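Undergrad: Starting from these lines, generate the structure:
(one chain, ligands or ions: 1)
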Amino acid sequence: MFSANVITFDQVASTNKTAAELLSLSKVDHGTVILAHEQTDGRGQRGRSWVAAPGLDVTLSIVVKPHGLRADAQFAIGKVAALAVHDTVRNYVANEVRIKWPNDVLVDRRKIAGILIKNDLVGELVMASIIGIGINVNNTSFDPELVATSIAMESGNTVDRMEVAQLLLDRFNHWWEKWDRNRGDGLVSYTDRLWTRGRWAEMTLDGEQITARAMDVDELGRLIVEHEDGQVQAYGLDRLRFVPR
Ligand code: BTN
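TA: Numbering: from 1, shown residues only. Next up, the predicted model:
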């Protein structure tokens, strides 16, 4: 159960960093959660920073040890996390909530949560994984360039962020168990919740603008898209991006 072992800090640089340090010292095990009321150097995808308002948002990292998970199937962890965050946000927000591949969570076009995963690989296996999750809960002032929103902005109400964190961990537990029970396809809901699924959308492929529609994600975590000429191909983030990013 992922809420049974939560280590709470008033302030850390980054919960992912703290989790990595504790993991390297064997001080945390499968299921440990590092939660901080404030991050001074929150990390985002592609080397960006993640800004959360101290005492207003959810910033936490979950440590998992997914016995026997092959490195080429590691995207399952991202699906578990995205589904848990999606469930959590949807609980508070009436507008449509979607997962933007690979694992952003959006309300319409506005980003409400981000996920940063670091997997420790040994040979062909994922030995441990740190899943950092940031949810904008009560913050209501964002740089307009970020195109961001929060639960408070969407719902019109301030909410108890520790209750949000608890729900997130409950939903993470749900999806983790669902996946872990059969290691097969317990996570098909991810596909249904994909942003722009089945709709023509602007993307860049190797830097060139294209119009394509997202269909699904393959086991390697690549987005399967249909091109305008009907061709179906799977691409990783190294080649394909949504526009705007
Ligand atoms: C993104 O860029 O979308 C990913 C953002 C991930 C932010 C979370 S907040 C908790 C954890 N600690 C970090 O430093 N980053 C992640």
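Undergrad: in this protein, what spans have low per-residue confidence?
TA: Scanning the chain for pLDDT under 70 picks out 185, 245.
Undergrad: Domain-wise, how is it divided?
TA: 6-192, 200-242 (automatic domain parsing).
Undergrad: Of the ones you listed, flag the one that's most buried.
TA: When you average the neighbours per residue for each of the domains of the chain (mean count of other CB atoms under 10 Å), domain 6-192 leads with a mean of 18. Where you see a C-beta, it was placed from the backbone N, CA and C, and this is true even at glycine.
Undergrad: residues contacting the residue in the chain that the ligand sits nearest to?
TA: In the chain, the residue that lies nearest the ligand is G114 (2.2 Å; CB to the nearest ligand atom). Counting by CB atoms under 8 Å, 6 or more residues apart in numbering, G114 touches G44, Q45, W50, N103, D104, V105, I133, G134.
Undergrad: who's the nearest residue to K118 once chain neighbours are set aside bridged to?
TA: Leaving aside its chain neighbours, K118 sits nearest to I130 (4.7 Å; criterion: CB to CB, 6 or more residues apart in numbering). According to DSSP bridges, the residues that bridge with I130 are V63, K118.
Undergrad: same thing with the one 4 residues further on?
TA: With DSSP bridges as the criterion, G134 is bridged to T59, G114.
Undergrad: ok, it - contacts?
TA: Contacts of G134 by CB under 8 Å, 6+ apart are G42, G44, W50, A52, D57, V58, T59, A113, G114, I115, L116.
Undergrad: what's the nearest residue to the fifth one if we skip its chain neighbours?
TA: It refers to D57. V137 (4.8 Å).
Undergrad: Could you do the fourth one as well?
TA: Here the nearest residue to A52 in space, its sequence neighbours aside, is T59; by CB to CB, 6+ apart that works out to 5.0 Å.
Undergrad: right, and that neighbour touches N16 too?
TA: No - T59 is beyond contact range of N16, at 9.4 Å (criterion: CB atoms under 8 Å).
Undergrad: Are there residues contacting both of the two? Which ones?
TA: In contact with both T59 and N16: G132, using CB under 8 Å, 6+ apart.
Undergrad: For the chain, which residues are neighbours of the ligand?
TA: 14-16, 39, 42-45, 48, 50, 59-61, 104, 114-116, 132-134 (CB under 6 Å from any ligand atom).
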